[in-house]
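Q: Give me a 3D structure for the following:
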Amino acid sequence: MPEQPITLSMKTVVLLVLVIPLLLLIWQLRSLVVLLMISVVLAASVSPLVNWAEQRRVPRWLAVVMIYLTVIGVLVGGGLLIGPTIFEQIERLLRQIPVSLKSVFNAAEAWVVSLSDTRPELVGQLFDEVLDVQAVTRWVIRSSQQLLIRSYGVTTGILGGFFSVILALFLSGYMLADSRTLIRNLARLLPYPWDERLTAQVRPVSTRIGGYIRGRLLVSALLSVATTVSLGALGLSEFALGLGAIAGVTNLIPFLGPFLGAIPALVVAVSQGGWTFLWVILLYVIIQNVETYVLDPLLVGSSVGVHPLYQLLAVLGGTQVLGLIGALIVPPWVAGGAVLLETLYLQPKQRREDRRRRKPATESITEPTPESLPVP
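A: Here you go, the predicted model:
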C-alpha cells in the first residue's frame, strides 16, 4: 500500500503562524496569566456565597463587598490574635532544628561506636565522612532556602507584594460582581456552537474548582487544630501552635503536604526522648490516614473528579514551575479542566461509539415485509 503524503492546508499554516507568536506573548505575560489563575480560583471559591446572597435579593456587587470584607476581617483578626505567638514559636523552632539534628547524629554515632569494640576509630571516621553533621545541616538549610527562594521569587513576580495581593482580590471580586457580562462577551468571540457549549460549562468548572479549594481549606483547618491539640497533649506545648500552623499550610498541598508538615515535628520530638518521638510518629500516621480515608473522600474527593495519580503529577508539575504557589493553584485548575475533557470530548465520544455499536445490530435484525416474500 503506497504511503500517503502529508499535506498542510493554507488554513493550517496560518493557524500555526498565529499560534507561535501567541504562545510567545503568553510566556512574556506569564506573571499576569498566573495572577488571573489565582483570581479565578478565589472567585470560584466565594461564588456560592455570592449566589446565595443574590437569591435573597441582595445586589450582587454588595454581596461581593460584604463577603470579601468579612473574610479579610476574619483573617486579620485571627492574625492579630494568634499570629505573634505562631511566629514566635516558628522562630524558636528554627533555632531548635539544628540542635535536634546534631543530637540525632551524636546519638547515632554513639550507638554505632558502642557496637564496635574492635575499631571504634573506623566507625568515627565513617560518620565524619558519610554523616557529617555540619554537611547534612547545610544541605537541609540549602534545600529549604532554594525552595523558599523559588517560591518567593515566583510570589514577588506574580503578586509583587501587598498591592498585588489586593489586585488579585480586586480582580476576583470584579469577576464575581459582573460575571454574566464577562462570560457573555467572551462567548461572543467564539464561533457557533462552541460559544454555547463553553458558556454552559462555566458553572460546572467553577463548581469543581471552588469545591476543591473549599474542601482543602476545611481539611487543612481541621488537621491544624487536631495537630496543635495533640502535640500539646504530648508535651510539645511550646511548639504546638507553630507546628499546627505549619501542618495547616502544608496540608493545602495534596499528597506531599502531610509529610512536609511532619518533618519539623519529628525533628523537635527527637530531643524530647524516644517515647515522645514514637508518639509523634504515631500521631502523624493517624492524621495521615484520617485525611486520606475519611476527610479527603468526604470533603474533597467528590469535588475533584481526577485520578489521584494525575493530582500528584499536577502537584509536582506546579511545584517545579511555580514553587509552593503552583502546588496550590494548579490542582484546582486540573480539576476544572477535567470537567471540560469529560463533557466536551469523552461523553460525545462515548455516545458516538454507542450509536456505532447499535447501528449494525438494528440493520441485521429486519422484519420481512409482504413485498419481500416470495411469490408462490
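
Q: and Gly261, what is it in contact with?
A: Residues in contact with Gly261 (Cβ atoms under 8 Å, 6 or more residues apart in numbering) are Thr227, Leu243, Ile246, Ala247, Val249, Thr250, Asn251, Tyr284. In this view, the C-beta of every residue, glycine as well, is placed from N, C-alpha and C.

Q: and it, how far is that from Ala187?
A: From Gly261 over to Ala187 the distance is 43 Å, taken as Cβ to Cβ, to the nearest Å.

Q: Please apply the same query to Met10.
A: Noted for Met10: a distance of 28 Å to Ala187, by Cβ to Cβ.

Q: Which one of the two is surrounded by more residues?
A: More crowded of Met10 and Ala187, by other Cβ atoms under 10 Å: Ala187, with 16 against 7.

Q: For that one, which residues are in contact?
A: Counting by Cβ under 8 Å, 6+ apart, Ala187 has contacts Asp195, Glu196, Leu198, Thr199.

Q: Pick the one among those residues closest to Glu238.
A: Nearest to Glu238 among the contacts of Ala187 is Leu198, at 54.0 Å by Cβ to Cβ.

Q: confidence score at the closest one?
A: Looking at Leu198, its pLDDT stands at 83.

Q: mind checking the SS state of it?
A: helix (DSSP: H, G, I helix; E, B strand; the rest coil).

Q: these two touch, right, it and Arg188?
A: No - counting by Cβ atoms under 8 Å, Leu198 does not reach Arg188; the two are 11.4 Å apart.

Q: Compare these two and say which is more crowded by neighbours.
A: Neighbours were counted for Leu198 and for Arg188 using other Cβ under 10 Å; Leu198 has more, 16 against 9.

Q: From Leu312, how far off is the more buried one?
A: Applying Cβ to Cβ to Leu198 and Leu312 gives a distance of 28 Å.

Q: Could you name the helices and strands sitting against whichever helix or strand Gly211 is part of?
A: Under the criterion of DSSP states H and E, Gly211 resides in helix 194-233. Packing partners of helix 194-233 (3 or more Cβ pairs under 8 Å, 6 or more residues apart in numbering; DSSP states H and E): helix 30-55, helix 179-187, helix 237-250, helix 257-270, helix 274-290, helix 302-304, helix 324-341.

Q: As a markdown table, those helices with distance to Pro84 would be great.
A: Formatted as a markdown table, the helices and strands packed on helix 194-233 follow (distance: least, Cβ to Cβ, whole Å):
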| stretch | distance to Pro84 |
| --- | --- |
| helix 30-55 | 27 |
| helix 179-187 | 38 |
| helix 237-250 | 11 |
| helix 257-270 | 19 |
| helix 274-290 | 25 |
| helix 302-304 | 35 |
| helix 324-341 | 23 |
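
Q: Among these, which comes closest to Val165?
A: Short answer: helix 30-55, nearest of these by Cβ to Cβ, at 9.3 Å.

Q: what's the next helix-or-strand element following that closest one packed up against?
A: Downstream of helix 30-55, the next assigned helix or strand under DSSP H and E is helix 60-115. With contacts defined as 3+ Cβ pairs under 8 Å, 6+ apart, the packing partners of helix 60-115 are helix 30-55, helix 120-130, helix 133-158, helix 162-177, helix 237-250, helix 257-270.

Q: buried ones in the first one?
A: Within helix 30-55, the residues that qualify as buried by neighbour count (16 or more other Cβ atoms under 10 Å) are 34-35, 37-47, 49-50, 53.

Q: Among these, which one sits closest to Phe255?
A: Val41 (18.8 Å).

Q: For that closest one, give its distance to Leu190.
A: Val41 sits 23 Å away from Leu190, going by Cβ to Cβ.

Q: Ok, Pro98 next?
A: Taken as Cβ to Cβ, the span from Pro98 to Leu190 is 57 Å.

Q: again, but for Thr228
A: Applying Cβ to Cβ to Thr228 and Leu190 gives a distance of 49 Å.

Q: Between those two, tell me which one has more neighbours.
A: Neighbour count, other Cβ under 10 Å: between Thr228 and Leu190, Thr228 has more, with 23 against 13.

Q: For burial, what's the neighbour tally of the nearest residue to that one once chain neighbours are set aside?
A: Using Cβ to Cβ, 6 or more residues apart in numbering and skipping the chain neighbours, the partner closest in space to Thr228 is Gly244 (3.1 Å). Per other Cβ under 10 Å, the neighbour tally for Gly244 reads 25.

Q: Next up, the contacts around Gly244.
A: Neighbouring residues of Gly244 by Cβ under 8 Å, 6+ apart: Ser224, Val225, Thr227, Thr228, Val229, Leu231.

Q: let's see 7 Å
A: Ser224, Val225, Thr227, Thr228, Leu231 (Cβ atoms under 7 Å, 6 or more residues apart in numbering).

Q: tell me the contacts of the spatially most central residue of the chain?
A: Centroid-nearest residue in the chain, with Cα atoms, centre = their mean: Leu328, separated by 3.4 Å. If a contact means Cβ under 7 Å, 6+ apart, then Leu328 has Leu252, Ile253 as its contacts.

Q: Would you mind giving me the confidence score for Gly248?
A: At Gly248, pLDDT is 86.

Q: Likewise for Val229?
A: For Val229, the model assigns a pLDDT of 91.

Q: How many neighbouring residues does it have?
A: 12.

Q: One more: the one 10 residues further on?
A: Burial of Phe239 is recorded as 22 neighbouring residues (other Cβ under 10 Å).
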